[in-house]
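# Build me a model from this:
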Amino acid sequence: MWAERPLVSGMTVGRILNAQTVNYKTLRPVMGGFFCERIFGPIKDFECACERKSPSPKKMTCRDCHVDYTSSTVRRHRLGYIELNSPVTHIWYLKGRINYISIFLGYRRKRVEAVTYCTEKLEISDRRRLNFSFSPAVKKCFKKVPCYSYIEKDNPIKIRGKLDKIIQIIKDIDKLVGSSKKISQRFSLPNSLPISREFPWETQKDRTSFFGYMTCLPQDGDIPIPTYSNVVSNLGIKISNFSFTGLKPALKVLDNTGGSIIQKRLRRIKPKVLYSALQDRLFEFSFEISDLQAQSYLILWDFRRLQRLITHRAKVIRRLKLARDFIENGSLPKWMTLSVIPVIPPDLRPIIQLDGDQVAVSDLNKLYQNIFFRNNRFNRISTESALFAQRLLQEAVDALIENGKGGSEPIRASNDRPLKSLSDILKGKKGRFRQNLLGKRVDYSGRSVIVVGPTLKLHQCGLPKEMAIELFQPFLIRQLVKRNIVSSIVKAKRFIKEKDQPLLLWDLLQQIMDNHPILLNRAPTLHRLGIQAFQPKLVNGRAILLHPLVCTAFNADFDGDQMAVHVPLSAEAQAEAWKLMWSRNHLLSPATGQPILVPSQDMVLGCYYLTTFNSKPQLTPLKASNTRLGIPSPTKKAKTKDCFPLGNERKKEEASVKIFDEGTQKNLRIGKDKHDVSLEEVSWKRDSKKRIRYYFSDSNDLLKAYYQKEIDLHQSVWVRKNGSLESEKTLESPLEIRVNSFGQHNQIFSTYQYDYDPNGKKVKQYVRTTPGRVLLNTLLFA
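Model (predicted):
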């Protein structure tokens, strides 16, 4: 067997013979138990259970305890096994989404489960029950029987002819009961003689009663037939309600129920033979279905027959596919039942001693012990409780493989917690495969939740201080020693781990991070943009800050997603990170060539809001107090009574022009501080509507007035623009041309203005815009 090992002494080990694990006083494994050193290997390297080392290199096994002198790592891969007294079915094939056992046997799912858990019996048909030629014992002596014997009513079966097999059976009975040969020859032997199909019963009822009596199982309260009871009493055999104890009588009761009958049926199935037979049956069904479908009109009986044929064909196709899969994989149907339970290595189900006298035991040990106890129950049960014992054993094996599968009641611990089965250890994100085998642990890496960082640049990410000080610790120690801040590496580690880190430490760490990229990865990494390089920036808290535009490449959002941080150590790795993996270089998708850094909905909405133009005129005058708004007081007070319409009802028809341009008026001058801008307000008589127009010398003055709430975000203003001017209406004719007495003229268009001197030279130009547009332009081209 795969879990058995022969020792040098000739002993074979591997089978679990004891339900105990360790001695809880000494924590030493019990021999033959679930932690046996003889089966799984020594606890200490090259030391046997007697706590002795190998006397010579050639001696590999202790002669007293029979434990191998080898490394203790073998306790991680050596297996044991529990031999079951009665076969059981595998729960994955029984209660999975596809019930493979029911498909192979051709029974319904509920019936297969009922037979498995001993609530129903899988009886053979009447025709097969009457044909005793299928019995293996009869097949061997079939050629030696010249003719069949007949059963006469009210007379015992007499042996006629010289049958070697029957005579040998009678001799064995003689030795067992010590009776005479004459009595033995008149002893009834069920299923020992072939019987012809012609029976001398007068009625069909007698024939059915006979076989019902011969095949039914005894029940509590049954009384033996007086004649048979007298014969048995003379032979000295004591019978009490036909109840026997022991393994063999119990297994005889389980012949037609439980896992044993399932195993027998599956053992008879040959996938290749089944596949060939199903192909023929599928051809017959398809031919008959096509004939019925070809008819233009079907009577009710034919229509129902067509529906049944379609249903049967679907079942045949399903069995055909399953048989084909078994043939391709080289599997056998009988492997869906278990006669031996493997016991995984003890280091994968450890027993750990906690503080004090407490001991933590793996749940698998309890499940294995449960199987062992219920398996040994067969040795002392009676035939009356054999069905119950088989069901308990089946449920114990089910709980070991997958506890609580299929809606069954799981086995619980003392604190009402379901025990973790083998499937629970293997499956899921925290299982053995994804957590330990596929999920690698990498040095200089970390993981944290991502949150949005709107103030970050595209190539930046926020790294928590707690994480950064661990990831960049080698580089930080090097700089501390190099700058003579500390004298050794040990003192550098103590300096870093101090509770109150000095400001010098964070400044030094930020200097290191400015020239050192980090790699951010979000699982699953489905394409190459799933891992990108960023320039880290120290932030408070415990979350990683990420620019919202790079979320599309990572397929990330800020609802609790986590990202891993990796630090490239070598200079070559850092150079490749800057050149190949920097987030600023990943503007297009490598798969489609389309832009992958597209603005999100809130960004589009924000840009739309900033650039919205308010076409309605400004009818509400500004407040008179400029000092309260934070604007420096002008060097010359404006004559608001005559020029600026603030509460002056007599000047309602006058419009105001606010000039923030230094070169517009001669009497407008700069204050002592170069940042102070003087204001001069000039009144123009224009139309009947009251309109306020604003002129600014540059965008800085415009933003200063906006931040001081002098103007609105969407208000129309004129800003002086130097250099070339581009407009979508370059061929537009001027709306108005103004010429003064000095020969200076002004051309006014819809979105810009030009001022010319008397010689026709362009002196100034203004652009019509809003503070929001200027702010967006400043942010984009900063």
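
# Which residues are in contact with residue 530?
By C-beta atoms under 8 Å, 6 or more residues apart in numbering, the residues touching residue 530 are 521-524, 553-555. C-beta here means a position set from N, CA and C on the backbone, and glycine is covered the same way.

# Okay, and which of those map to helices?
Residues from the contacts of residue 530 lying in helices, with DSSP state H as the criterion: 553-554.

# What's the PyMOL line that selects buried ones from the contacts of residue 530?
The PyMOL selection below is limited to those of these classed as buried (16 or more other C-beta atoms under 10 Å):
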select buried, resi 521+522+553+554
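
# a markdown table please, covering the contacts of residue 530 and showing distance to residue 511 and pLDDT.
Listed next are the contacts of residue 530 as a markdown table, based on distance: C-beta to C-beta, whole Å; pLDDT from 0 to 100:
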| residue | distance to residue 511 | pLDDT |
| --- | --- | --- |
| 521 | 25 | 95 |
| 522 | 28 | 93 |
| 523 | 32 | 88 |
| 524 | 35 | 90 |
| 553 | 29 | 92 |
| 554 | 28 | 93 |
| 555 | 34 | 92 |
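
# Nearest to residue 107 among the contacts of residue 530?
Proximity of these to residue 107, judged by C-beta to C-beta, is greatest for residue 524, which lies at 41.8 Å.

# gap between that closest one and residue 120?
47 Å (C-beta to C-beta, to the nearest Å).

# same deal with residue 467?
61 Å.

# Show me the domain layout of this protein.
Following automatic domain parsing, one gets these domains for the chain: 1-78, 350-434, 440-472+516-598, 610-780.

# Figure out which of those is closest to residue 100.
domain 350-434 (14.1 Å).

# Endpoints of that closest one, how far apart?
The first and last residues of domain 350-434 sit 21 Å apart, counting by C-alpha to C-alpha, to the nearest Å.

# pretty sure residue 85 contacts residue 248?
No. Counting by C-beta atoms under 8 Å, residue 85 does not reach residue 248; the two are 10.2 Å apart.

# Between these two, point out the one with more neighbours.
Higher neighbour count among residue 85 and residue 248: residue 85, with 18 against 9, using other C-beta atoms under 10 Å.

# Doesn't the more buried one belong to a helix?
No. Secondary structure of residue 85 (DSSP: H, G, I helix; E, B strand; the rest coil): strand, not part of a helix.

# Tell me who's in contact with it.
247, 251, 375, 378-379, 393.

# again, 6 Å this time
By C-beta atoms under 6 Å, 6 or more residues apart in numbering, residue 85 lies in contact with 247, 375, 378.

# And it, how close does it get to residue 433?
Counting by C-beta to C-beta - residue 85 and residue 433 are separated by 33 Å.

# do residue 553 as well
28 Å.

# Repeat that for residue 594.
36 Å.

# follow-up on the earlier one: which one of residue 467 and residue 120 has more residues nearby?
Neighbour totals were compared for residue 467 and residue 120, and residue 467 leads with 21 against 15 (other C-beta under 10 Å).

# ok, now which ones touch that one?
With contacts defined as C-beta under 6 Å, 6+ apart, the neighbours of residue 467 are residue 446.

# That one is in what secondary structure piece?
Per DSSP states H and E: residue 467 is located in helix 465-471.

# Pull the residues that contact the helix or strand just after that helix.
Going down the chain from helix 465-471, the next helix or strand is helix 473-482, by DSSP H and E. With contacts defined as C-beta under 6 Å, 6+ apart, helix 473-482 is touched by 486, 489, 492, 508-509, 512.

# Apply 7 Å and report the result again.
With contacts defined as C-beta atoms under 7 Å, 6 or more residues apart in numbering, helix 473-482 is touched by 486, 489, 492-493, 495-496, 508-509, 512, 516.

# And residue 58, how far from residue 69?
10 Å.

# Neighbour count for these two, which is higher?
Legend: neighbour count by other C-beta under 10 Å for residue 58 and residue 69, higher for residue 69 (19 against 6).

# thinking that one is in contact with residue 54, fair?
Yes. At 3.9 Å, residue 69 counts as touching residue 54 under the criterion of C-beta atoms under 7 Å.
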